[in-house]
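Undergrad: Fold the stuff below for me.
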Amino acid sequence: MKGFEVLIEREFLSFGYPFKTRSGNCQENAMNKKNYAPVFLLFLDCIYQAMIQAPLAFEFNQKLLKKLAIHSQTLKFGTFLNDSEAERAADNTYLNTISIWNYLEHYNKVQKYRNELYDKDNTSACIGVNPLSSKLLVWKPFHFRWFLAIAVPTEEYPNDM
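TA: The predicted structure is shown next:
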């Protein structure tokens, strides 16, 4: 999981992915949706598609993807605030908020997100994803999470409303 954390930190945070602008979750962008572009969510959806087609190749499970997708929108973690490293530094984001990675490690939630099927000895250098529409699936645990929580109570989606 550390490798996935480093990938996100490098490709999205260090290179300046504008979470605040693209997520549409800040007040100044609430009325102006022209900059809304959920590229991070699309990235996570691509990872989900690869996980479905190569379940042994990922050390983490779909629950981690869902957690990252949800919290990239909630403003709960400093990881997904601001549009750049400079903004995060100016706002003291890292001093005033908690990182989602620190939260997962501190509260021992990392085990919850480990893929039990992962085989570190059986991974290839390249994970191929079949782009045929019959092989691509809707990311139900994320996109249908509200419906599933109400209509189909399970341990993952309890109906406690």
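Undergrad: Could you identify the helix or strand that succeeds the worst-scoring helix or strand of the chain on mean pLDDT?
TA: Among the helical and strand segments of the chain, the one scoring lowest on mean pLDDT, DSSP states H and E is helix 27-30, with a mean of 54. Using DSSP states H and E, the helix or strand that follows helix 27-30 in sequence is helix 39-53.
Undergrad: which residues touch the residue lying closest to residue 120 once chain neighbours are set aside?
TA: Nearest residue to residue 120, sequence neighbours excluded (CB to CB, 6 or more residues apart in numbering): residue 59, at 7.3 Å. In this view, the C-beta of every residue, glycine as well, is placed from N, C-alpha and C. Neighbouring residues of residue 59 by CB atoms under 8 Å, 6 or more residues apart in numbering: 1, 3, 4, 114, 115, 118, 120.
Undergrad: Does the residue most central in space within the chain belong to a helix, a strand or coil?
TA: With distances taken as CA atoms, centre = their mean, the residue of the chain nearest its centroid is residue 68 (2.7 Å). Residue 68 carries the three-state label helix when classified by DSSP: H, G, I helix; E, B strand; the rest coil.
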